[in-house]
Structures are given as structure tokens and as C-alpha cells.
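A.B. asks: what would the 3D arrangement of this be:
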Amino acid sequence: MRKIFPILVLMALPLVWIASGKADVVKKFGSVSFAEMMANPRSGASVSDGLVSVTGPDGQVFLLWESGTAFLIPAGPFLEAGLDTSKLPGNIIFDAAAGTLLIGDAPVRGGDNALGEIFNSFLKTKRPALGYHGAMDHFGLDVGGEGKFEWAIRPEKNDKDVVFILDPRPLERAGLRPLEVKGWALLDLDVTMNSKAPRLASLFEIR
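C.D. replies: From the prediction side, this is the model:
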């Protein structure tokens with residue numbers, strides 16, 4: 001019954017990303033849900049040196065720390081799909097030596113805080129980054145204004161347990177052909193109350 005209650009509360013919310021109200025049920029239950037996802041042994045999650053990370057099966061990594069979020073993604077599939085790294089915007093960094101794309105903030109390491117402390121410290125200054133995506137029954141976090149990291153509230157009833165989402169437009173302007181990126185699907189996802197837009201999505205199951 002304890003798990004059913006937050007789900008019923010959230011079902012009453014709009015079917016898009018929402019901001020907090022006085023009760024802020026998204027923050028309350030989102031924090032619990034994030035901890036549950038991190039505790040799942042199949043989530044590829046870890047906490048080290050003040051940095052929370054979730055690693056997908058294709059090497060894509062979501063990073064969170066007290067002051068920011070980022071994706072660290074293997075660049076190979078994007079280069080093969082036409083990406084010209086010399087044309088990337090300033091918030092997408094290509095590391096040729098590591099073969100990665102960093103999207104979002106520059107990660108900051110340090111400290112020995114536990115997951116809950118890091119997550120709560122992040123929300124103190126970045127509360128709008130956390131939202132609820134009702135159409136997919138996901139919580140999620142904004143990543144650098146170019147993407148979102150989402151996780152299912154009930155992975156046992158969801159075929160999209162963990163999802164890395166990218167806005168393809170900045171990458172298209174740098175030559176990317178979104179339909180050709182291996183390991184990523186181009187999906188129409190909710191971006192506002194009344195509209196959808198194409199987004200690159202990489203997902204995996206943890207149940």
C-alpha cells in the first residue's frame with residue numbers, strides 16, 4: 001500500500017514535466033524513486049567521490065553531483081552518423097582521446113556524501129531540473145538543457161525502465177543524421193502539455 005499511494009498521487013498530475021507546488025510530491029516521491037532505482041543491481045549505478053553515476057549497457061553514463069548533471073556518451077555511433085565535432089555548441093564537448101561526448105555541466109568530484117545527501121543538495125539549487133513525465137510514468141532530471149535522464153516509477157510494469165534522452169537539433173546542426181545513430185532511437189516524446197517533438201533515446205531495462 002505504501003508504494004501504491006505515491007503512484008495514485010502522481011496520476012493526478014498533468015501528463016508532462018511539472019514544476020513543484022507547495023506539497024511538492026514530485027520532489028518527495030522522486031527522491032525515493034531515484035534511490036530505489038540506484039539500489040537496483042541491474043541499474044549500473046554507483047556513488048564515488050561525490051559523484052553519482054548510472055551506466056547503461058552501451059557505455060552511456062548519467063552523472064549527478066551536488067551542483068550539476070551531465071551525460072558522458074561514447075562518441076563513435078554519433079561520428080559514424082555524420083557528426084562533425086568542430087561544429088558542436090559549447091555545452092557539448094568532444095574528447096578525442098577518450099572517444100566521448102560530454103553533454104551538460106563539467107563534473108565536479110569531491111566529498112564522501114551518501115546518495116541522499118548529494119541528491120537533496122542538488123535539489124536545493126536545481127529543483128526545476130526534477131520532473132514527472134506522466135505519459136511514460138517516469139521521473140526524470142534535466143541534463144544541460146539538451147537532454148533528460150528518466151527512470152520508471154514501476155519498472156516491473158514498464159518497458160522503458162531507464163532512458164537517456166537527447167534533443168537532436170544541436171547535433172543535427174553539426175551534421176548528425178539522427179536516424180543512423182546506432183543504439184539510439186528517434187522517438188516523438190512529450191515536450192509541452194500539447195506537443196511532441198523528435199528526441200534521441202537510448203533505453204534499457206533493469207527489472
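
A.B. asks: need the residues that contact stretch 32-47.
C.D. replies: Residues from elsewhere that reach stretch 32-47, judged by Cβ atoms under 8 Å, 6 or more residues apart in numbering: 6, 52-57, 114-116, 118-119, 139, 151, 153, 155, 162, 205-207. Quick note: C-beta positions are derived from backbone N, CA and C, even for glycine.

A.B. asks: try 7 Å
C.D. replies: Taking contacts as Cβ atoms under 7 Å, 6 or more residues apart in numbering, the residues outside stretch 32-47 that touch it are S53, V54, T55, G56, L115, G116, F119, F139, W151, I153, V162, I206.

A.B. asks: once you drop chain neighbours, what's closest to G99?
C.D. replies: Computed as Cβ to Cβ, 6 or more residues apart in numbering, the closest residue to G99 that is not its neighbour in sequence is A75, at 5.3 Å.

A.B. asks: give me the below-cutoff pLDDT ranges for this structure.
C.D. replies: Within the chain, the stretches falling below the threshold (pLDDT under 70) are 1-23, 192-193.

A.B. asks: in three-state terms, how would V163 be classified?
C.D. replies: Classification of V163 into helix, strand or coil gives strand, according to DSSP: H, G, I helix; E, B strand; the rest coil.

A.B. asks: give me every residue that touches it.
C.D. replies: Residues counted as contacts of V163 (Cβ under 7 Å, 6+ apart) are E150, A201, L203.

A.B. asks: phi, psi for the second one please.
C.D. replies: This means A201. Here the main-chain torsion angles of A201 (degrees, to the nearest 10) amount to phi -130, psi 130.
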